[in-house]
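Visitor: Fold the stuff below for me.
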Amino acid sequence: MRDVYLCVDRAHAVKLPEGQYFVTDIIGCEVFGTDGTFYGMLEEVLQNGAADVYVIRGEKVLMVPALKKLLKSVDVFEKKIVLASDVLEEVGLFED
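Guide: Predicted coordinates:
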């Protein structure tokens, strides 16, 4: 099929392994650093092939790759993501 949207309700969705999430489940999560800094809300996930890029909107827009070393925890039920603050300094990109 081309140029059509396929929708699957939650009851029929595949069960994902631990550590994997549907994009729709993490959109809207609050994002914090391990040092307690609040960065904003996850607004969008860009899927480019190498690694997903999370777009976080707070006082500034922050873009980060979805790397295991950066993502300390993702709680889809509490809608909270915690990023490793030390790694964020290396890989995070703040929009001016």
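Visitor: Buried residues, the lengthiest strand in the chain. List them.
Guide: Ranked by residue count and defined by DSSP state E, the top strand of the chain is strand 38-46. Under the neighbour-count criterion of 16 or more other C-beta atoms under 10 Å, strand 38-46 has 39-43 buried. Where C-beta positions appear, they are placed from N, C-alpha and C, glycine not excepted.
Visitor: Secondary structure element for E18, which one?
Guide: For E18, there is no helix or strand it lies in under DSSP states H and E.
Visitor: Begin at 48 from now on, thanks
Guide: Okay, residue one is now 48; in that scheme the one you just asked about reads as E65.
Visitor: Can you give me the neighbour number for it?
Guide: Other residues near E65 come to 5 when the count uses other C-beta atoms under 10 Å.
Visitor: Now it, what are its backbone angles?
Guide: phi -60, psi 140 (degrees, to the nearest 10).
Visitor: With T71 instead?
Guide: According to degrees, to the nearest 10, T71 has phi -60, psi -30.
Visitor: Show me which positions of stretch 100-110 end up buried.
Guide: For stretch 100-110, by 16+ other C-beta under 10 Å, it's 101-103, 108-109.
Visitor: Pull up the pairing partners for the longest strand of the chain, direction included.
Guide: When pairing is defined by DSSP bridges, strand 85-93 lines up against strand 77-80 (antiparallel), strand 100-104 (antiparallel).
Visitor: what are the ranges of the strands in this protein?
Guide: 77-80, 85-93, 100-104, 108-112, 118-122, 127-130, 140-141.
Visitor: related to what we said a few turns ago, now the strands paired with strand 85-93 as JSON lines including distance to V51?
Guide: Converted to JSON lines, those look like this (distance: least, C-beta to C-beta, whole Å):
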{"stretch": "strand 77-80", "distance to V51": "33"}
{"stretch": "strand 100-104", "distance to V51": "26"}
